[in-house]
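J.: Got a sequence here, can you build the structure:
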Amino acid sequence: MVYVPLEKLLDKSEKSIYKLVILASKRALEIAEGQPKLVSANSSTKPSTIALYEIAAGKVWYKKIKSEK
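T.: Sure, this is the predicted structure:
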């Protein structure tokens with residue numbers, strides 16, 4: 001797999017590094033727990049790296065939830 005520039009990843013998270021880190025960590029945890037990978041990767045590729053590849057490919061995103069008052 002190739003290197004994914006940070007700028008491309010930030011575009012997927014509204015230019016917020018914090019949202020990117022939260023999204024990637026949650027997805028990496030899902031992959032580590034056995035959820036299927038949404039991109040092709042070696043078995044030796046770490047879940048955190050796979051999560052970043054999935055975000056860059058547009059397969060994983062976050063959804064804003066409006067708070068109910």
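J.: Hmm, residue 47 is touching residue 35, no?
T.: No. With contact defined as Cβ atoms under 8 Å, residue 47 does not count as touching residue 35 (9.5 Å). No exception for glycine: its C-beta is placed from N, CA and C like everyone else's.
J.: higher neighbour count, the two?
T.: Neighbour count, other Cβ atoms under 10 Å: between residue 47 and residue 35, residue 47 has more, with 19 against 11.
J.: dump the residue contacts of that one.
T.: The neighbours of residue 47, taking Cβ atoms under 8 Å, 6 or more residues apart in numbering as the test, are 28-29, 31-32.
J.: Show me those residues that map onto helices.
T.: 28-29, 31-32 (DSSP state H).
J.: Need the nearest residue in space to residue 32, chain neighbours excluded.
T.: Counting by Cβ to Cβ, 6 or more residues apart in numbering, residue 32 lies nearest to residue 47, which is 4.5 Å off, once chain neighbours are set aside.
J.: Next one: the one you found from residue 66, what distance?
T.: 30 Å (Cβ to Cβ, to the nearest Å).
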